[in-house]
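Asks: only geometry, no sequence info:
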């Protein structure tokens with residue numbers, strides 16, 4: 001029986017945090033996570049080729065070189081790792097890689113591969129040149145992870161037959177393939193696994209202009225009549241994430257069809273987003289609740305996480321994993337050694353004047 005490796009407890013905690021995030025964000029309009037029903041809609045909106053993919057210009061150029069070179073050599077390209085927050089297009093890029101190579105795509109995820117035998121079953125049925133996409137690859141079980149090292153490097157796996165001293169490892173050759181791994185937490189990947197990827201792409205949040213283009217393209221595919229001003233408004237409230245932009249577009253379309261003539265104008269977009277409690281910065285009810293509690297109930301902070309969670313009636317994990325990252329990225333909230341502190345921008349977002357003492361905030365950063 002294998003002993004627990006250092007970091008297993010942290011991995012379990014991470015899995016619990018991710019499940020909490022998924023549960024907390026399931027009903028949120030601005031969640032970067034996709035639920036089962038949404039995945040089918042997203043599939044219809046995804047671009048099929050690299051030239052159709054909007055944003056991530058440097059990553060697109062790098063991938064274009066890698067894929068073109070591989071096609072000219074007639075060999076599968078190096079294994080690719082896609083890192084970045086959810087909703088930025090990692091799955092879309094994996095599908096585009098397979099399409100550009102003219103190869104089949106096999107899709108699975110880290111949590112779905114619980115044992116090395118699960119991975120061996122997938123790898124042994126791959127055809128030559130096939131693309132294997134593993135989402136959330138940082139959550140692979142350790143035995144599967146160790147098997148993947150050999151598969152990525154030597155295109156073979158060792159299948160263990162039997163148990164105990166009589167166990168025998170039988171080497172099994174597999175067809176050359178390209179692994180595309182996706183992770184939202186690249187720092188949690190073990191160094192041996194990370195080093196076996198020939199190229200790592202770091203996806204960034206999208207600029208408003210890029211999101212406008214995505215919104216207009218999706219509107220065309222969905223048959224939504226959308227003005228340029230409405231597209232800009234949706235882009236500004238999408239938290240730099242295409243998935244959120246497409247979701248807001250669908251909700252605004254529903255509002256326009258039921259309460260207007262079906263055309264999405266600036267006024268209709270603003271009215272719909274107000275109804276769905278998404279403000280001008282893309283904050284939803286929970287985000288504003290966190291910011292409001294820090295400012296109004298605790299004088300701008302510092303306030304501890306557990307105290308803040310009790311004040312909101314939420315779990316501390318929900319506040320930390322779901323709301324805080326976007327508030328910190330927007331510069332509305334800061335984490336300090338003494339607790340959470342609202343920045344001057346956070347006060348201003350609530351229409352309040354920040355205290356003079358806030359000028360000392362930079363000295364509190366950890």
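Replies: Noted; the coordinates are in hand. Because the structure is a prediction, the values reported are computed rather than measured.
Asks: Okay, the spatially most central residue of the chain and residue 258: tell me how far apart.
Replies: Among the residues of the chain, the one closest to the centroid is residue 86, at 0.8 Å (C-alpha atoms, centre = their mean). Residue 86 sits 30 Å away from residue 258, going by C-beta to C-beta, to the nearest Å. Using the backbone N, CA and C atoms, a C-beta is placed for each residue, glycine as well.
Asks: now do residue 279
Replies: 22 Å.
Asks: which of the two has more neighbours?
Replies: In this view residue 279 and residue 258 are compared by other C-beta atoms under 10 Å, and residue 279 has more residues nearby, 15 against 9.
Asks: who touches the more buried one in this structure?
Replies: 237, 273, 288 (C-beta atoms under 8 Å, 6 or more residues apart in numbering).
Asks: you'd agree the last one is in a helix?
Replies: Yes. Read with DSSP: H, G, I helix; E, B strand; the rest coil, residue 288 is one of the residues of a helix.
Asks: Spit out the contact partners of it.
Replies: Contacts of residue 288 by C-beta under 8 Å, 6+ apart are residue 279.
Asks: which parts of the helix or strand harbouring residue 235 are buried?
Replies: Secondary structure from DSSP states H and E places residue 235 in helix 228-236. By neighbour count on 16 or more other C-beta atoms under 10 Å, the buried set for helix 228-236 is 230-235.
Asks: if we can go back for a sec, same list (the contacts of residue 279) but as JSON lines, adding distance to residue 212 and pLDDT.
Replies: JSON lines is the format used below for the contacts of residue 279 (distance: C-beta to C-beta, whole Å; pLDDT from 0 to 100):
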{"residue": "237", "distance to residue 212": "12", "pLDDT": "92"}
{"residue": "273", "distance to residue 212": "15", "pLDDT": "92"}
{"residue": "288", "distance to residue 212": "25", "pLDDT": "88"}
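Asks: Dump these into CSV; add distance to residue 50 as well.
Replies: Output for these, formatted as CSV (distance: C-beta to C-beta, whole Å):
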residue, distance to residue 50
237, 28
273, 32
288, 38
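Asks: Pick the one among those residues closest to residue 250.
Replies: Comparing the contacts of residue 279 against residue 250 with C-beta to C-beta places residue 273 closest, at 12.3 Å.
Asks: contacting residues for the residue nearest to the closest one when sequence neighbours are not counted?
Replies: Spatial nearest neighbour of residue 273, excluding adjacent residues (C-beta to C-beta, 6 or more residues apart in numbering): residue 237 at 6.1 Å. By C-beta under 8 Å, 6+ apart, residue 237 lies in contact with 30, 248, 273, 278-282.
Asks: between the residues you listed, which is closest to residue 347?
Replies: residue 281 (13.6 Å).
Asks: on that earlier part again, tell me the pLDDT at the residue nearest to the centre of the chain?
Replies: At residue 86, the model reports a pLDDT of 86.
Asks: Settle this for me: it is touching residue 243, isn't it.
Replies: Yes. Between residue 86 and residue 243 there is a contact under C-beta atoms under 8 Å: 7.4 Å.
Asks: This protein - how does it break down into domains?
Replies: 31-202, 208-275, 285-364 (automatic domain parsing).
Asks: Deepest in the core, which of these is it.
Replies: Among those, domain 208-275 has the highest mean neighbour count (mean count of other C-beta atoms under 10 Å), at a mean of 19.
Asks: and it, how far out from the chain's middle?
Replies: How far domain 208-275 lies from its chain's middle: 21 Å, per C-alpha atoms, centre = their mean, to the nearest Å.
Asks: Run through the helices of the stretch 151-300 of the chain in chain order.
Replies: In the stretch 151-300 of the chain, the helices defined using DSSP state H, counting those that start in this stretch lie at 191-194, 208-222, 228-236, 242-259, 266-275, 285-292.
Asks: who's in contact with whichever strand or helix holds residue 307?
Replies: Assigned by DSSP H and E, residue 307 belongs to helix 305-312. With C-beta under 8 Å, 6+ apart as the test, helix 305-312 has contacts from 286, 289-290, 293-294, 297-298, 315-316, 318-320, 339-340.
Asks: and with 6 Å instead?
Replies: Here helix 305-312 makes contact (C-beta atoms under 6 Å, 6 or more residues apart in numbering) with 289, 293, 297, 316, 319-320.
Asks: by how many degrees do that helix and helix 285-292 diverge?
Replies: 110 degrees (axes from the mean of the first three to the mean of the last three C-alpha atoms, to 10 degrees).
Asks: So what does residue 333 look like in phi/psi?
Replies: Note on residue 333: its backbone torsions stand at phi -140, psi 150 [degrees, to the nearest 10].
Asks: quick one: low-confidence ranges for the stretch 201-350 of the chain?
Replies: Judged against pLDDT under 70, the stretch 201-350 of the chain has no low-scoring part.
Asks: on that earlier part again, which two of the contacts of helix 305-312 lie the greatest distance from each other?
Replies: Pairwise distances across those (C-beta to C-beta) peak at 17.8 Å, for the pair 297 and 320.
Asks: Please report how far the nearest residue in space to residue 324 that is not next to it in sequence lies from residue 237.
Replies: Excluding the flanking residues, the one nearest residue 324 by C-beta to C-beta, 6+ apart is residue 333, at 6.6 Å. Distance of residue 333 to residue 237, computed by C-beta to C-beta: 18 Å.
Asks: Surely residue 277 and residue 285 touch.
Replies: Yes. Residue 277 lies in contact with residue 285 (C-beta atoms under 6 Å); the separation is 4.9 Å.
Asks: Contacts for stretch 114-129, please.
Replies: For stretch 114-129, the external contacting residues (C-beta under 6 Å, 6+ apart) are 76, 103, 113, 141, 143-144, 147, 151, 157, 159, 174-177.
Asks: Quick one: end-to-end distance for that stretch.
Replies: One end of stretch 114-129 to the other measures 25 Å (C-alpha to C-alpha, to the nearest Å).
Asks: Good, we can wrap up now.
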